[in-house]
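K.L.:
I need the structure of the sequence given here:
(4 chains)
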Protein chains: 4
Amino acid sequence: MASVFGNAITLSIFGQSHSPAIGCSLDGIPAGIPVDADELQRFLDRRAPGHAPTSTARKEADRPEFIAGITDGHTNGAPIAAIIRNTNTRSVDYAELRRIPRPGHADYPARIKYANNHDVSGGGHFSGRLTAPLCIAGGIALQALSLHGIRIVAHIASLGPEPVVDMPLDPMKLNEAQTTLISANPLPCISSMAASRMRSCILEAKQQMDSVGGVIECAAYGVPVGVGDPMFDGLENRIARIAFGIPAVKGVEFGAGFAAARMHGSENNDPYRMEATEVRPQTNNAGGILGGISTGAPVIWRMAVKPTPSIGTPQRSVDMDAGADADLTVRGRHDPCIVPRAVPVAEAACALALLDAMLEDGFRFPA
Amino acid sequence: MASVFGNAITLSIFGQSHSPAIGCSLDGIPAGIPVDADELQRFLDRRAPGHAPTSTARKEADRPEFIAGITDGHTNGAPIAAIIRNTNTRSVDYAELRRIPRPGHADYPARIKYANNHDVSGGGHFSGRLTAPLCIAGGIALQALSLHGIRIVAHIASLGPEPVVDMPLDPMKLNEAQTTLISANPLPCISSMAASRMRSCILEAKQQMDSVGGVIECAAYGVPVGVGDPMFDGLENRIARIAFGIPAVKGVEFGAGFAAARMHGSENNDPYRMEATEVRPQTNNAGGILGGISTGAPVIWRMAVKPTPSIGTPQRSVDMDAGADADLTVRGRHDPCIVPRAVPVAEAACALALLDAMLEDGFRFPA
Amino acid sequence: MASVFGNAITLSIFGQSHSPAIGCSLDGIPAGIPVDADELQRFLDRRAPGHAPTSTARKEADRPEFIAGITDGHTNGAPIAAIIRNTNTRSVDYAELRRIPRPGHADYPARIKYANNHDVSGGGHFSGRLTAPLCIAGGIALQALSLHGIRIVAHIASLGPEPVVDMPLDPMKLNEAQTTLISANPLPCISSMAASRMRSCILEAKQQMDSVGGVIECAAYGVPVGVGDPMFDGLENRIARIAFGIPAVKGVEFGAGFAAARMHGSENNDPYRMEATEVRPQTNNAGGILGGISTGAPVIWRMAVKPTPSIGTPQRSVDMDAGADADLTVRGRHDPCIVPRAVPVAEAACALALLDAMLEDGFRFPA
Amino acid sequence: MASVFGNAITLSIFGQSHSPAIGCSLDGIPAGIPVDADELQRFLDRRAPGHAPTSTARKEADRPEFIAGITDGHTNGAPIAAIIRNTNTRSVDYAELRRIPRPGHADYPARIKYANNHDVSGGGHFSGRLTAPLCIAGGIALQALSLHGIRIVAHIASLGPEPVVDMPLDPMKLNEAQTTLISANPLPCISSMAASRMRSCILEAKQQMDSVGGVIECAAYGVPVGVGDPMFDGLENRIARIAFGIPAVKGVEFGAGFAAARMHGSENNDPYRMEATEVRPQTNNAGGILGGISTGAPVIWRMAVKPTPSIGTPQRSVDMDAGADADLTVRGRHDPCIVPRAVPVAEAACALALLDAMLEDGFRFPA
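P.N.:
Numbering: from 1, shown residues only, chains lettered A, B, ... in the order given. Purely as a prediction, here's the structure:
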């Protein structure tokens, strides 16, 4: 069930980087939710490659063809399915990789697991390209959540070895000025200075035929109190389960996260106060989640993205057919930094996890 | 499905802190696996409270009664079920909590979610006590994994606000000297100096009626290459899903984790070399996992544990019945630091995630 | 996941006939549903053995101990768990069965599947006794469904080799007179004549050291329109999946069932007419289900129960240790006919399937 | 999760009768299984419409495009996905159906459940056309099972109101002569006489603008002992769950099935005898399944298929917009009997259920 997510929803993702198409099936979505195709396309465009010198030269439009589940601009209750054709593939780049696994990629464990039957071209099913169907499903989830007034925002919190750090998202309430800035900057940052310096950092890595990673911060504003469950289906578990499905993610934390481990309880506990007739946490070290359940404060989390493993500099590897050491130079078109394009993917992951939990909790969509 | 974990296995955990008993059902375990009850009890004892001045004064033996699934010291193929009686409960301590939610606990969102029908005594189903049945199941999983030569070790990586830092676990191979030291020290640390300083840190917090958190590092040695899946059922997803089910965990990372976000690709990628006839990663920034699948290197991960929210100092809260601000002083017996007792829980979580993945991959138990 | 049922709920059943206890965990039940323990006990008593000369002499009270999930007579949102102690076990009866499998029982395939590690005493996890925890969960589901005005009724539709046939349940609306008669008769039949003749049939089989089977008909009245799903999670799929989990069930049909295969479409199709402002099917060959979804007509289904395989007459079998033919005489206390005791089990199965579908469809409990 | 099946596998089916395409994703299939596309196409052709005067005039080639999961004629370990374009759609036929539900179809409950947002054209997601992707997945499962020597055969056991009855499948071992006859006859029957009379029965119904149903019998030969599980994931539960996902199926039975309810235990129990070194049941009333687990005897089951609800004769219905009674004449091209085309669908369902159980039991594919 590797590529299947959800309890109330069932998201199945399929495709390989160089198969005829990639796509997804999304079951369990109630009927009658409006789906704005243009808005969805704009969301997908944020993930698509080829828009900037900081990303791979592989250009693909990521235009989904909806083949089921939507009628007259609304979900019809049947599973939603969409595919994206793979058009710009160059399988010739990948011939060597079956023998000589790329460090930092899944080539080696995949060869063992699949007894060398896996599709190695372009990373096969392990390719970051599979985040495109995740964004199709996530983009629909975002539109569904908006019916309950929920907004999800992400940005690059930090990037590079000497980290360029952006301002944090407002942990207490949606800050429209921040979202405007994130959209306006050439990289999704609140601070234009940070965006500019991150851009330089990426281009420098590109020039050195190397790569850099970063941390993405994501917040969901407007989540009602009481969404999620204790133990294994809390919001943290759901978000983490899907976020670790994004290639290159190596860490996930909520609220204060790892920093909470360095606080006293008296500091980390978020005190409550009444605001008019509402109970409100006064700080948000919990990231809006206690016992797996939303507190009404924004749900805030971060994911660590490792530097792209595909780099142009020679690397030490092995020739598995020869059973001997071998050096490898990865060719092809690769992102020197996947972080900017992973920002909408984090939003998609967050939206799907929240929608799954809300549906399981009996929230109605449309509201 | 809040308290249910697993694909090949189905672990159902039930009970509240002050209900007649807590327990678990563990379905999907093959027949014929030997279960050493004494070894399991020793494992459970590492989690049990009341053994040290650093933990709560609530003393409970945590002796499971097996009511199904084991015959003549072996699993019999039927679901394994065990319960632990709750004997040392003092419900009187918790009367006020229904009205005035404790900051940092699930009291407030639980009251909303369950329309005030939840069991508030002792934290109800949200209590850390529910990690006892997790350890029953995890202890059996550890014994099952040992049939494939897998060993899981955890320790306190760091603790407290000015972090006391232990030596790291060997990332390349099992180091028996480390495991001996971890067992011998009064707190589960490799360095006796670190153990001693952590103990002081906890006792200081206790005296101040405050609490501290920490980071636990866990390694699984001997995991064969090829375990796990891409996307949503990789080893990272499975471990994270269960680890975030442990109360107070706010972050999970694998290998270099968040530090990987600050590396260049050329540094973070683990190069391969042949060692005799074996392919071996030369470093382990990946934490033994690429594309969700084990690489043969040790599976290494860390979880951040927040400071215990129950503290003796007065805190700001609200009286939900009165709809007014209210201060709260949490009474009762509480751990000033849950981290030492959470170390075996991390091992249990890791074991269950691995066993689930290996069973799904068709590994045979007994081997 | 053998002993786990449900999408929105997760019912885990555990225990063996002669293990210390049997029980269940039921996760996913909303908080605040009143549970009347006396009503539940009366429901369980209908399944319990030892009440009549037509059933086994093994007497067990089937008194559940609730160990979690219920507080002050209401569900508290945490998993509900209950156990029933096994007190009246005679393992001595079953020693031979490990070697010589009983025809019609799971002994032989279980021995192969579990490599002879299975618990053979009393049928182990395959025992009909495991329907007791199914009835605990089902009894709670029945009480939950009653909050939406749903009533579930079952009776013996036919019994024995020259079938004694009862009157059918009213397929169009709840008939209180029928339910009163079913409760009043010594066997759960609408017709007292049928009940009496069925009783004779069972006693005759008992005297001949043989056994008989029968067909149970079950109806759920008051199910709202629109419950269930197309394809694999329709009401038919859910009911069948759980009904085939009842030992000895070999067939399940809905509405006209197998008889529908012998109708013309013009006869089988249930026409609609308006009744006041309501759309009403005028016949109920569909058994209240079209495309997996409830039509508002009563949900009606039948299950075929094979004759109890444990019979006192000698049977041909094999000695698996010796690898030779062997005859077998099953000793111990057995029902000459399991059908009467399976009637409440059918109601429990139906209730759990419906509750699971309604929760997944977002119906609120309490209503 | 309506359109999702499986534990070890995850089959997601998507599409509507008149959406751009229908298709499926099949996750959890091991790498390295050879897939013969021609053999698969021949299997699909048996289900496809338009081949005979007994079926609908809607002609569609049912040629799947594989878009993922297969490389060089073998499964590659990634989810298998395929789509079939819908080319021959006439939406104009269905305009009226949104208002006036067809008796025997899902129109009415679907309208309520989906608040009139469902796709009504051609039956939408409820269409029998959705069995095409089921057959894609099932055809692959059949090829996988053949690696373990398993063969699945189905035929029309009986058809029509005065049932034309075919010879039964051999319940004890594969009879190649039977399979040859089933392939050779114009309808899938063992007896050419039965095939001929069934054909007449269907054509007669067609002429009367009516429809007929029937019973399909299916057998899986060569299933090893020990496949399946007790309680809710036995072979019976799995097969029934998927079989009730085939439109028009209203009953499922195993082995003697409903007839077992009319036997004595002494007759119904299948005695064992040694045959050389093998334990062999001497009869097969159990349908090869005891306690949910395969006995080594052929797995035999039957499903009742109701007469096609779409008939040309006028029927009583209601106009839901007007809230008034209304008569309805269903136009369009419809099968007067779906039974012949459902025969390969039964094989597909059986294959998927078996493959799921075998994978969960750790059987290796390729063997």
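
K.L.:
quick check, the longest helix along chain A touching chain C?
P.N.:
The single longest helix within chain A, with elements called by DSSP state H, is helix A:339-360. Yes. In terms of C-beta under 8 Å from any C-beta of the partner chain, part of helix A:339-360 sits within range of chain C, namely A:L359, A:E360. No exception for glycine: its C-beta is placed from N, CA and C like everyone else's.

K.L.:
With just CA atoms, put that helix into PDB.
P.N.:
Taking Å, rounded to 0.1, in the frame of the first residue of the first chain, the C-alpha atoms of helix A:339-360 are listed here in PDB:
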ATOM      1  CA  VAL A 339      13.100  23.400  -1.800                       C
ATOM      2  CA  PRO A 340      11.200  26.300  -3.700                       C
ATOM      3  CA  ARG A 341       9.200  23.800  -5.700                       C
ATOM      4  CA  ALA A 342       8.400  21.700  -2.600                       C
ATOM      5  CA  VAL A 343       6.600  24.600  -0.900                       C
ATOM      6  CA  PRO A 344       3.300  24.000  -2.600                       C
ATOM      7  CA  VAL A 345       3.800  20.300  -2.000                       C
ATOM      8  CA  ALA A 346       3.900  20.900   1.700                       C
ATOM      9  CA  GLU A 347       0.600  22.800   1.400                       C
ATOM     10  CA  ALA A 348      -0.900  19.900  -0.500                       C
ATOM     11  CA  ALA A 349       0.300  17.400   2.100                       C
ATOM     12  CA  CYS A 350      -1.100  19.500   4.900                       C
ATOM     13  CA  ALA A 351      -4.400  20.000   3.100                       C
ATOM     14  CA  LEU A 352      -4.900  16.300   2.400                       C
ATOM     15  CA  ALA A 353      -4.100  15.300   6.000                       C
ATOM     16  CA  LEU A 354      -6.500  17.900   7.400                       C
ATOM     17  CA  LEU A 355      -9.300  17.000   5.000                       C
ATOM     18  CA  ASP A 356      -8.900  13.300   5.800                       C
ATOM     19  CA  ALA A 357      -9.200  14.100   9.500                       C
ATOM     20  CA  MET A 358     -12.100  16.400   9.100                       C
ATOM     21  CA  LEU A 359     -14.100  14.000   7.000                       C
ATOM     22  CA  GLU A 360     -13.400  11.200   9.500                       C
END
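
K.L.:
What ranges does chain A have for its helices?
P.N.:
A:37-47, A:107-113, A:131-146, A:176-184, A:192-207, A:235-243, A:265-268, A:339-360.

K.L.:
where does the longest helix of chain A sit relative to the chain's centre, distance-wise?
P.N.:
Mean C-alpha position of helix A:339-360 versus that of the full chain (C-alpha atoms, centre = their mean, to the nearest Å) differs by 7 Å.

K.L.:
do the same with stretch A:210-229
P.N.:
Going by C-alpha atoms, centre = their mean, where stretch A:210-229 is centred and where its chain is centred differ by 9 Å.

K.L.:
Identify the bridge partners of A:E275.
P.N.:
Note on A:E275: beta-bridge partners by DSSP bridges are A:E278.

K.L.:
Enumerate every residue touching the spatially closest residue to A:I67 that is not a sequence neighbour.
P.N.:
On the basis of C-beta to C-beta, 6 or more residues apart in numbering or on different chains, the spatially nearest residue to A:I67 that is not a chain neighbour turns out to be D:A21, at 4.2 Å. When the contact criterion is C-beta atoms under 8 Å, 6 or more residues apart in numbering or on different chains, the partners of D:A21 are A:I67, A:A68, A:A81, D:G15, D:I83, D:I84, D:R85, D:N86.

K.L.:
Of those residues, which is the most crowded?
P.N.:
When the contacts of D:A21 are compared by neighbour count (other C-beta atoms under 10 Å in any protein chain shown), A:A81 ends up highest, at 35 neighbours.

K.L.:
The residue lying closest to that residue once chain neighbours are set aside and A:T131: what is the separation?
P.N.:
With C-beta to C-beta, 6+ apart as the criterion, A:A81 has its nearest non-adjacent residue at 3.8 Å, and that residue is D:F14. The spacing between D:F14 and A:T131, counted by C-beta to C-beta, to the nearest Å, is 20 Å.

K.L.:
Looking at these two, which is more packed in?
P.N.:
Comparing D:F14 with A:T131 by neighbour count (other C-beta under 10 Å), the higher total belongs to D:F14, at 30 against 25.

K.L.:
Name the residues linked to that one by a beta bridge.
P.N.:
D:G23.

K.L.:
Quick check: pLDDT value at it.
P.N.:
For D:F14, the pLDDT comes out at 98.

K.L.:
Could you pull up the contacting residues of it?
P.N.:
Neighbouring residues of D:F14 by C-beta under 8 Å, 6+ apart: A:25, A:27, A:67-69, A:78-81, D:3, D:22-25, D:133.

K.L.:
likewise A:A346?
P.N.:
Applying C-beta under 8 Å, 6+ apart, we find A:A346 in contact with A:A154, A:I216, A:C218, A:A243, A:I246, A:M303.

K.L.:
so the fifth one touches A:A342, yeah?
P.N.:
Yes. Here A:I246 lies in contact with A:A342, judged by C-beta atoms under 8 Å, at a distance of 6.4 Å.

K.L.:
list residues touching both of those two?
P.N.:
Overlap between the neighbourhoods of A:I246 and A:A342 consists of A:T131, A:V305, taking contacts as C-beta under 8 Å, 6+ apart.

K.L.:
just to revisit the earlier point, tell me the one among the contacts of D:F14 nearest to chain B.
P.N.:
Nearest to chain B out of the contacts of D:F14 is D:S25 (C-beta to the nearest C-beta; 12.3 Å).

K.L.:
quick one: pLDDT of that closest one?
P.N.:
According to the model, D:S25 scores 98 on pLDDT.

K.L.:
ok, now which ones touch it?
P.N.:
The neighbourhood of D:S25, defined by C-beta under 8 Å, 6+ apart, consists of A:S12, A:F14, A:S25, D:T10, D:L11, D:S12, D:F14, D:P79, D:I80, D:A81.

K.L.:
D:M198: which of those residues is nearest?
P.N.:
Within those, proximity to D:M198 (C-beta to C-beta) peaks at D:L11, which comes in at 30.6 Å.

K.L.:
The closest one - nearest residue in space that isn't next to it in sequence?
P.N.:
Beyond its immediate neighbours in the sequence, the residue positioned closest to D:L11 (C-beta to C-beta, 6+ apart) is D:F5, lying 4.5 Å away.

K.L.:
Am I right that that neighbour is in contact with C:F232?
P.N.:
Yes. With contacts counted by C-beta under 8 Å, D:F5 reaches C:F232, the gap being 4.6 Å.

K.L.:
just to revisit the earlier point, now do the residue nearest to A:A81 against B:G69, distance only.
P.N.:
Relative to B:G69, D:F14 is positioned 39 Å away (C-beta to C-beta).

K.L.:
coming back round to it: who has more neighbours out of A:I246 and A:A342?
P.N.:
Each of A:I246 and A:A342 had its neighbours counted (other C-beta under 10 Å), and the higher figure belongs to A:A342 (29 against 22).

K.L.:
Let me know whether the more buried one touches A:A248 as I believe.
P.N.:
Yes. Because the distance of 7.4 Å satisfies C-beta under 8 Å, A:A342 is recorded as touching A:A248.

K.L.:
Give me the pLDDT for A:R90.
P.N.:
62.
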